[in-house]
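[1] got a predicted structure here, sequence first:
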Amino acid sequence: MKHNRVNDNNINSLVVLFYTRVLSDKKLAPFFVEKLGDDLNNEKWKAHMQLLTKFWSTMILGSNTYNGAPFPPHAQMKDLDKEAFETWIVLFYECVEKLFIEEIAVKFKERGTIVAGNFVRRLNL
């Protein structure tokens with residue numbers, strides 16, 4: 001059954017599902033494996049997923065629990081291209097559609113599209 005409300009627990013479920021799929025994707029996996037390794041249960045991944053849960057909680061719920069800067073790490077990634085962001089969007093959409101009712105999924109997709117679009121523009125891709 002899909003979630004009909006958003007909370008930190010189901011945002012974390014989204015983050016875990018999404019990165020599980022990212023690690024299975026031949027385009028995206030190398031970017032993350034290089035920085036975080038290939039085991040979602042290691043400490044680097046746990047910290048990353050906790051950070052991203054706070055990011056999406058802030059984006060969707062307005063929780064203000066995220067106070068980082070998401071752009072700089074992406075600016076340092078070699079070989080990051082527009083196709084990577086297009087793949088990211090496809091996987092992200094699939095995950096939010098799987099976990100949330102349409103009304104909520106649309107909110108995540110809108111915010112995700114804005115974030116990806118901003119990164120593409122700032123990276124001049």
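    Noted; the coordinates are in hand.

[2] show me what counts as buried in the longest helix seen in the chain.
    Looking only at the chain and at elements set by DSSP state H, the helix with the highest residue count is helix 102-122. Of the residues in helix 102-122, those scored as buried under the neighbour-count criterion (16 or more other Cβ atoms under 10 Å) are I104, A105, F108, K109, R111, G112, V115, A116, F119, V120. No exception for glycine: its C-beta is placed from N, CA and C like everyone else's.

[3] dump those residues into a markdown table; add distance to L40 and pLDDT as well.
    Converted to a markdown table, these look like this (distance: Cβ to Cβ, whole Å; pLDDT from 0 to 100):
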| residue | distance to L40 | pLDDT |
| --- | --- | --- |
| I104 | 24 | 98 |
| A105 | 23 | 98 |
| F108 | 20 | 98 |
| K109 | 23 | 98 |
| R111 | 23 | 97 |
| G112 | 20 | 96 |
| V115 | 21 | 94 |
| A116 | 22 | 94 |
| F119 | 23 | 93 |
| V120 | 26 | 94 |
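
[4] residues making contact with the lowest-mean-pLDDT helix or strand in the chain?
    Across the helices and strands of the chain, mean pLDDT, DSSP states H and E gives its lowest value to helix 71-75, namely a mean of 83. In this structure, residues lying in contact with helix 71-75 by Cβ atoms under 8 Å, 6 or more residues apart in numbering are K35, L80, N118, F119, R122, L123.

[5] fine by me, thanks again.
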